[in-house]
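Enquirer: below: sequence and its predicted model.
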Amino acid sequence: MTDTELDPVIHAQARLRVVAALAALSRGDRISFPRLQQLLGMTAGNLSTHLRRLEEADYVRITKTHEGRTPATYVDLTETGRAAFHRYTRTLRALLGETS
């Protein structure tokens, strides 16, 4: 990928929204799947599909656990994902003619 190519994994509108939401979290923070779903207004199936693609690219980490007897799923942005989002936004700014 060149400096003028947008990352196709992130570029899909739904995945861009997911990555942008996760990038807003502090490093090391994570968000529950239901909270992310609510925040983005996506169906569970649609969000799962996009998270799977991001996970395959090592951009997000999915952690499945239990809180008591209730299953819980958490999502966070990996360092690879954070770097990819930084490159994506830098490339987008360059394509738009912005300098910062």
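Expert: Everything's here; your move. Residues are numbered from 1 along each chain as shown.
Enquirer: any idea how far residue 78 lies from residue 55?
Expert: Per C-beta to C-beta, to the nearest Å, residue 78 is found 9 Å from residue 55. Heads up, the C-betas are built off the backbone N, CA and C, glycines and all.
Enquirer: what residues are shared contacts of the two?
Expert: Common neighbours of residue 78 and residue 55 (criterion: C-beta atoms under 8 Å, 6 or more residues apart in numbering): residue 61.
Enquirer: quick one, longest helix in this structure?
Expert: Criterion DSSP state H: the longest helix present in the chain is helix 79-95.
Enquirer: packing partners for it?
Expert: Contacts defined by 3 or more C-beta pairs under 8 Å, 6 or more residues apart in numbering; DSSP states H and E place helix 79-95 against helix 8-11, helix 13-23.
Enquirer: please identify the most buried of the ones you listed.
Expert: helix 13-23 (a mean of 18; mean count of other C-beta atoms under 10 Å).
Enquirer: tilt between that helix and helix 79-95?
Expert: 110 degrees (axes from the mean of the first three to the mean of the last three C-alpha atoms, to 10 degrees).
Enquirer: beyond helix 13-23, next helix or strand please.
Expert: Elements were assigned by DSSP states H and E; along the chain past helix 13-23, the next helix or strand is strand 31-32.
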